[in-house]
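Student: 3D model of this:
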Amino acid sequence: MEAFILSDGRGTPGATVFSSPHSGAHYPEAFLQGSQLDPLTLRSSEDAFVDTLFASAPDYGAPLLAARFPRAYVDLNRARTELDPAIVDIPRHPGVNPRISAGLGVIPRVVSGGRVIRSGRMTREEADLRLAQVHTPYHDALNRLLQTARIRHGHAILIDCHSMPHEALRVQNLPGGRRRPEIVLGDRFGTSCAPWISDLAYDAFTAAGFAVARNAPFAGGYITETYGIPAQNMHALQIEIDRSLYMDEARIAPRSDFAAFRDRLTPVIAALAQAGAMGQALAAE
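Tutor: The predicted structure is shown next:
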């Protein structure tokens, strides 16, 4: 089975590429049998239905790359080297980064709420095979799409699509009665994309009626850090959407107004998909 689903942009291809690395929902049978968690609990780390929310991107000339396998199996927003010695049979060493210490390496030890996926450790060979089947092909495809866009247009823009638990925003109540954010834009504090790209996204989401924040509590992860290199005309912006807006988080099921919410995102997606043309105009000034 392919590691991803690629929906090519229709019409004239633009400079924007959409990626949904955490929406995969194919759980291999052997993985399910080896887990000590039930299937619903395993899905708690999944950015469920995000690929469906952004499914209109190809209508505006932007390809959409979506993961097929879930985050609990391989986390595509981590480097291949972020292996957890608590779950993979590799030597333990000091200075392990906080993500690995929390069980959130490239092969996660836990799902949402710190619930342990399996007991025991897998061999390094087993881990390498899982990464070769899932992580490598996804990032190879993403890199190809971005390089093609940059060659064609002189720059490339990656929109990295995610969702966040409503509880993640509990501490984000703002002073003065302002609404806590429903959308969080992450540009790694201005380092992963040109300011006009995050400004365009902010304005588009705001125009659609969303409360928007930047870089708190999510500033962007491995994908935005790796592919967001503005000095090389490679830009990456992470988008986090409050899951409670479109799904029942407990049941991991779309809300009854899911279609209406998806339609609400359409003008935002169109603006982001067509952002490359604005970038070309700015470069010509």
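
Student: and the contacts of stretch 111-127?
Tutor: 34-37, 41-42, 44-45, 72, 83, 86-90, 102-103, 107-110, 165 (CB atoms under 8 Å, 6 or more residues apart in numbering). C-beta here means a position set from N, CA and C on the backbone, and glycine is covered the same way.

Student: got any ranges where this structure has weak pLDDT?
Tutor: Filtered on pLDDT under 70, the chain yields the residue ranges 95, 171-178, 277-285.

Student: give the buried residues for the lengthiest helix in the chain.
Tutor: Determined from DSSP state H, the single longest helix within the chain is helix 124-153. For helix 124-153, the neighbour count (16 or more other CB atoms under 10 Å) marks 127-128, 130-131, 133-135, 138-139, 141-142, 145-146, 149-150, 153 as buried.

Student: chain center to stretch 104-115: distance?
Tutor: 16 Å (CA atoms, centre = their mean, to the nearest Å).

Student: do stretch 141-157 as well
Tutor: 18 Å.

Student: go on, stretch 144-159?
Tutor: 18 Å.

Student: what's the answer for stretch 116-134, then?
Tutor: That offset, for stretch 116-134, works out to 22 Å (CA atoms, centre = their mean).

Student: okay, how far is it across it, tip to tip?
Tutor: 21 Å (CA to CA, to the nearest Å).

Student: quick thing: my sequence starts at 30, can you match it?
Tutor: I'll keep to 30 as the first residue from here, and by that count the last item is stretch 145-163.

Student: output stretch 64-81 as CSV, restricted to C-alpha atoms.
Tutor: What follows is stretch 64-81, C-alpha atoms only, in CSV (Å, rounded to 0.1, in the frame of the first residue of the first chain):
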residue,chain,number,x,y,z
SER,A,64,-1.2,-2.7,20.7
GLN,A,65,-2.6,-2.7,24.3
LEU,A,66,-5.0,0.1,23.4
ASP,A,67,-8.4,-0.2,21.7
PRO,A,68,-8.8,1.2,18.2
LEU,A,69,-10.7,4.3,19.3
THR,A,70,-8.0,5.3,21.8
LEU,A,71,-5.3,4.7,19.2
ARG,A,72,-7.0,7.2,17.0
SER,A,73,-6.9,10.0,19.6
SER,A,74,-3.6,11.4,18.2
GLU,A,75,-5.0,11.4,14.6
ASP,A,76,-5.8,14.7,12.9
ALA,A,77,-9.0,13.1,11.7
PHE,A,78,-10.7,14.4,8.6
VAL,A,79,-8.2,17.2,7.9
ASP,A,80,-7.5,15.8,4.5
THR,A,81,-11.2,16.0,3.8
